[in-house]
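Novice: sequence and predicted structure, then a few things I'm wondering about:
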Amino acid sequence: MATKRKHRNGFGAALGRFLGFLAASAMCGVLAASLVVPAVAAAGFGVSNSIGFFDSLPEELTVQPPSQSTKVLTSDGQPIATFFAENRVRIPLDQMSPHIKDAIIAIEDSRFYEHAGIDPQGIVRALVSNLTQGGQQGASTITQQYVTNVVNEARLSQDRPDEVILSGQKDVGDKLREMKLAIALEKKFTKEQILEGYLNIVFFNSDAYGIEAASRYFFSTTAKDLTLPQAALLAGLVNSPTFYNPAINPDKSIVRRNQVLSEMLLQGKITQAQHDEAVATPIELKISPERQGCAYAAMAPYFCDYISHLILNNPAYGPSLIERQRKLYRGGLTIVTTLDSRLQAAAQAQVDGTAGPNPDRWGAALVTVQPGTGKILAMAQNTVFLPEPGKFDTHLNFNVDAKDPQGNDLNGAGGFQPGSTMKPFTFAEWLNEGKSLTAEVDASRRVYPLDFPWRSSCGKVMGAYSTAQNNPQLGAADDLQNAEEGFYRKMAINYGLYNSINTATFATAAQLDFCGIQKMVDAVGLHSGLDGAPINMHQLGNLLGAIGVAPLHLANAFATFANDGRYCSPIALVDVKDATGGNLPAQPVECRDAVKPDVARGVNNVLQDVLVKGSGVWINPKTHDKFPVAAKTGTSNNNGSTWIVGYTTGIATASFFGDALEGQKRAGQNVTINGTFYPRLDGYMIAGPQWANYMLQAAPLYPTNPFPPPPPSMMGPSPSPSPSPRP
């Protein structure tokens, strides 16, 4: 009984296959007649419904460039990072090895150069095989596969992944549509153009789209340099990228590769000797996964993050955030930045070594801008983007604002209290009002009562405007403190600045128009790093740096002095090109007169003494012995934020060390950092050497000309000698 049932079942299966073959043959006739000679089919085949459906299908296929990777480069052409949704590098056909062209045609479409988009002979062969042998052969030509890839790529790039149709999911309508589009495509493009497009778009691996990316991923080589066995392996992958993945299924992969080689031999594309040698070659993978995004940047991950925000926040790259994201991750942009890889390497080495193992997560940062252009040349901090054992990790950028001027997120920490690095701007207003840089001020005064007659010509009081022009109540100072005893006395104003005497700064402000100080601070681009608001200089605490400022903008403010008083907005983007080489908006150099040249020269004159005989005299190594340099140290009240900002005529650098993530609530007092105990931190102690070591490497790469002297009239009479500060 079982035997009879078996025979009956076998006969039924064979009969079913035979009947299916007849039905499929009829359909194939319809398809072949309809697609190859539709006019003839309409006249004589009697399948008007099928013909009508076919004729209603679209003939045009818009072939957009497939998603490509975006490259971010330094100004000297070094790679910073890559952004992509699909890792793809488009290359021309002549940059591909002949082996990959021959291999892909041999295994996927041996009659590629003979058919007109679809291959009726291949359809019949696949149907016969599938119906008589129970196989699952496909009959898609390379042109049809290209059509499918183009359609799916368009859906993905438009954020419609649910509409993507894979080969095994196509119904008859999908297949007819694919065929008609393939015929139309062959009329529009040459075979070489179709083959080039196909090899650039086809999926090899989730980390590799297109032949160039696949060559780099699997073999760390280029498509141009693929060997015969390598090309055959990659050609074999296309049929089933997971099943034939050599990293996952090496045995299946080598069987498939050898099948490709056999087809190449059969079709006369290689000799027997080439075949035998290739078959005997073991699979030797050298996988190089392409890491995308700033977390995997080759250098400057936080500068990279800043760049990405500049692109994503700018409507010039697309009217919506989604379109700007598409441009960045799929648009194949080439972004050339202002970063100097030489300076970046030096800056990163310094911040990485500053705090040592750093179990207490102290922050260190360096940022350099170029006077006269505003170009950001280096941006580094002592953290990592992704958690690593023993590393200080954060996504926040210590060097930039929290938001841009339009209120868009920049992923910045929001600035740190600049302390005494704010003092040069009050001194600049002193010179701006025509006073001498050696005039005497009374730094013995420590109390300024609420009714002290401060002067404010604009009547701005605590952020509001008043009709009062005289005696605006700016607040009181009950007991001003200097860092050291022995400085509560009369002194030359320049001496008070280069020794960073708090009471001297208040004595200076007491003789100035606070609206002038406000204008000076605004002119050099200083603002709150948290919300971008102007720093209200009518609040007395801001004379000594109570509002957090981002290192980038502090460095750029000092660059204004280095540039003879001309302010240039900080920029990071030099050149942006799309995948076709067309120009997209970058950031032009934008400069304006901000400080009178003589005033800037007077400030430079005094700040050069900071490192020679002032608050930075103990900073080692010495920089002023090597080139002309000016600087100012700074420390917040609780010593949790310490600085030095220094500059030559060629570069300006802000160096920060302190509490970067806790809002500077942690005091920098009685702390041990990198094996050294500090009763209290000061700008010259850690931030200072970090800056000096870096500047010794970086400054000579740019101009280090002498600073122009201030006019003799600004110098005033020679002051009486003052004692130097004690260590």
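Specialist: Right, received. Where do you want to start?
Novice: D360 against V671, yeah?
Specialist: Yes. Judged on CB atoms under 8 Å, D360 makes contact with V671 at a distance of 7.3 Å. For glycine as for every other residue, the C-beta is placed from the backbone atoms N, C-alpha and C.
Novice: elements contacting the helix or strand harbouring K187?
Specialist: Assessed by DSSP states H and E, K187 sits inside helix 172-188. Judged by 3 or more CB pairs under 8 Å, 6 or more residues apart in numbering; DSSP states H and E, the packing partners of helix 172-188 are helix 2-36, helix 48-56, helix 142-157.
Novice: buried stuff in that helix?
Specialist: Within helix 172-188, the residues that qualify as buried are K175, L176, R177, E178, M179, K180, L181, A182, I183, A184, L185, E186, counting by 16 or more other CB atoms under 10 Å.
Novice: alpha carbons only: can I get the helix or strand just after it in CSV?
Specialist: As assigned by DSSP H and E, the chain's next helix or strand after helix 172-188 is helix 191-201. C-alpha atoms of helix 191-201 as CSV (Å, rounded to 0.1, in the frame of the first residue of the first chain):
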residue,chain,number,x,y,z
LYS,A,191,25.9,48.5,-21.1
GLU,A,192,29.0,49.9,-19.5
GLN,A,193,27.0,52.6,-17.6
ILE,A,194,24.5,49.9,-16.4
LEU,A,195,27.3,47.7,-15.2
GLU,A,196,29.1,50.6,-13.5
GLY,A,197,25.8,51.6,-11.8
TYR,A,198,25.1,48.1,-10.7
LEU,A,199,28.5,47.4,-9.2
ASN,A,200,28.3,50.7,-7.3
ILE,A,201,24.9,50.1,-5.8
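Novice: I'd like the next helix or strand past helix 191-201.
Specialist: As assigned by DSSP H and E, the chain's next helix or strand after helix 191-201 is strand 203-205.
Novice: okay, now the sheet partners of the helix or strand following that following strand, with direction.
Specialist: Next helix or strand after strand 203-205 toward the C-terminus (DSSP H and E): strand 208-209. Strand pairing for strand 208-209, determined by DSSP bridges: strand 203-205 (antiparallel).
Novice: give me the mean pLDDT for the partner strand.
Specialist: The average pLDDT within strand 203-205 is 94.
Novice: which other residues reach it?
Specialist: 149, 209-211, 213-214, 217-218, 234, 237-238, 241, 245 (CB atoms under 8 Å, 6 or more residues apart in numbering).
Novice: stretch 531-538 too?
Specialist: By CB under 8 Å, 6+ apart, the residues outside stretch 531-538 that reach it are 401-405, 407, 456, 460-463, 472, 474, 514, 517-518, 521-522, 526-528, 542-543, 547, 549.
Novice: centre of the chain versus that stretch, how much separation?
Specialist: Distance of stretch 531-538 from the chain centroid (CA atoms, centre = their mean, to the nearest Å) equals 29 Å.
Novice: same question for stretch 360-373.
Specialist: Distance of stretch 360-373 from the chain centroid (CA atoms, centre = their mean) equals 17 Å.
Novice: with only the CA atoms kept, save that stretch in CSV.
Specialist: What follows is stretch 360-373, C-alpha atoms only, in CSV (Å, rounded to 0.1, in the frame of the first residue of the first chain):
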residue,chain,number,x,y,z
ASP,A,360,38.2,62.2,39.8
ARG,A,361,37.3,63.2,36.2
TRP,A,362,38.9,66.6,36.0
GLY,A,363,38.5,68.2,32.6
ALA,A,364,41.4,69.5,30.4
ALA,A,365,40.8,71.3,27.1
LEU,A,366,42.8,73.2,24.4
VAL,A,367,41.5,75.1,21.5
THR,A,368,43.4,77.3,19.0
VAL,A,369,42.2,79.9,16.5
GLN,A,370,44.0,81.8,13.9
PRO,A,371,44.1,85.6,14.3
GLY,A,372,43.0,87.3,11.1
THR,A,373,40.8,84.4,9.8
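Novice: what's the residue closest to the geometric middle of this protein?
Specialist: C304 (2.8 Å; CA atoms, centre = their mean).
Novice: check contacts around that residue.
Specialist: Going by CB under 8 Å, 6+ apart, C304 touches V72, I80, A81, C294, A297.
Novice: swap the cut-off to 6 Å and go again
Specialist: By CB atoms under 6 Å, 6 or more residues apart in numbering, C304 lies in contact with I80, A81, C294, A297.
Novice: just L226 next, same as before
Specialist: Shown in contact with L226 (CB under 6 Å, 6+ apart): S97, H99, I100, S215.
Novice: relative to P241, how far out is the third one?
Specialist: From I100 across to P241, the span is 15 Å (CB to CB, to the nearest Å).
Novice: more neighbours: the two, which one.
Specialist: Legend: neighbour count by other CB atoms under 10 Å for I100 and P241, higher for I100 (22 against 17).
Novice: tell me the contacts of that one?
Specialist: Contacts of I100 were listed using CB under 6 Å, 6+ apart, and they are I211, L226, A231.
Novice: in helices, which of these appear?
Specialist: I211, A231 (DSSP state H).
Novice: okay, and the helix or strand of the chain with the least pLDDT?
Specialist: For the chain, counting by mean pLDDT, DSSP states H and E, strand 464-465 ranks last in confidence among helices and strands (a mean of 36).
Novice: sticking with G634, tell me its helix or strand.
Specialist: Using DSSP H and E, the element containing G634 is strand 630-635.
Novice: how about T653?
Specialist: Using DSSP H and E, T653 falls in strand 652-658.
Novice: that strand - contacts with which helices or strands?
Specialist: strand 363-369, helix 551-562, strand 641-647, helix 687-698 (3 or more CB pairs under 6 Å, 6 or more residues apart in numbering; DSSP states H and E).
Novice: how far is it from where the chain is centred?
Specialist: Centroid separation for strand 652-658 versus its chain: 22 Å, with CA atoms, centre = their mean.
Novice: partners of that strand in the sheet?
Specialist: strand 363-369 (antiparallel), strand 641-647 (antiparallel).
Novice: let's have those in CSV, adding mean pLDDT, distance to V574 and mean neighbour count.
Specialist: Below are those laid out as CSV (pLDDT from 0 to 100; distance: least, CB to CB, whole Å; neighbours: other CB atoms under 10 Å):
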stretch, mean pLDDT, distance to V574, mean neighbour count
strand 363-369, 98, 14, 29
strand 641-647, 98, 22, 30
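Novice: these: which one's closest to P424?
Specialist: The closest of these to P424 is strand 641-647. By CB to CB, the value is 8.9 Å.
Novice: which residues touch the closest one?
Specialist: The contact list for strand 641-647 (CB under 6 Å, 6+ apart) reads 416-417, 421, 554, 558, 562, 629-635, 654-658, 664, 681, 683, 687-688, 691.
Novice: now the angle between helix 551-562 and it, please.
Specialist: Orientation check (axes from the mean of the first three to the mean of the last three CA atoms, to 10 degrees): strand 641-647 against helix 551-562 gives 40 degrees.
Novice: thinking again about what came up before, among the contacts of stretch 531-538, which ones are buried?
Specialist: 401-404, 456, 460-461, 472, 474, 514, 517-518, 521, 526-528, 542-543, 547, 549.
Novice: can you pull out the helices in the stretch 401-550 of the chain?
Specialist: 423-432, 493-498, 502-509, 514-523 (DSSP state H, counting those that start in this stretch).
Novice: and the ones you listed, which is most packed in?
Specialist: Across the helices of the stretch 401-550 of the chain, the average number of neighbours (mean count of other CB atoms under 10 Å) peaks for helix 493-498, which reaches a mean of 27.
Novice: neighbours of the closest residue to E212 other than its chain neighbours, how many?
Specialist: Computed as CB to CB, 6 or more residues apart in numbering, the closest residue to E212 that is not its neighbour in sequence is V89, at 4.2 Å. When neighbours are defined as other CB under 10 Å, V89 has 23 of them.
Novice: please apply the same query to the one 3 residues further on.
Specialist: Summarising burial for P92: neighbours were counted as other CB under 10 Å, giving 9.
Novice: still on that earlier bit, how about the helices and strands packed on strand 652-658 in JSON lines, adding distance to N605?
Specialist: JSON lines is the format used below for these (distance: least, CB to CB, whole Å):
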{"stretch": "strand 363-369", "distance to N605": "22"}
{"stretch": "helix 551-562", "distance to N605": "10"}
{"stretch": "strand 641-647", "distance to N605": "13"}
{"stretch": "helix 687-698", "distance to N605": "19"}
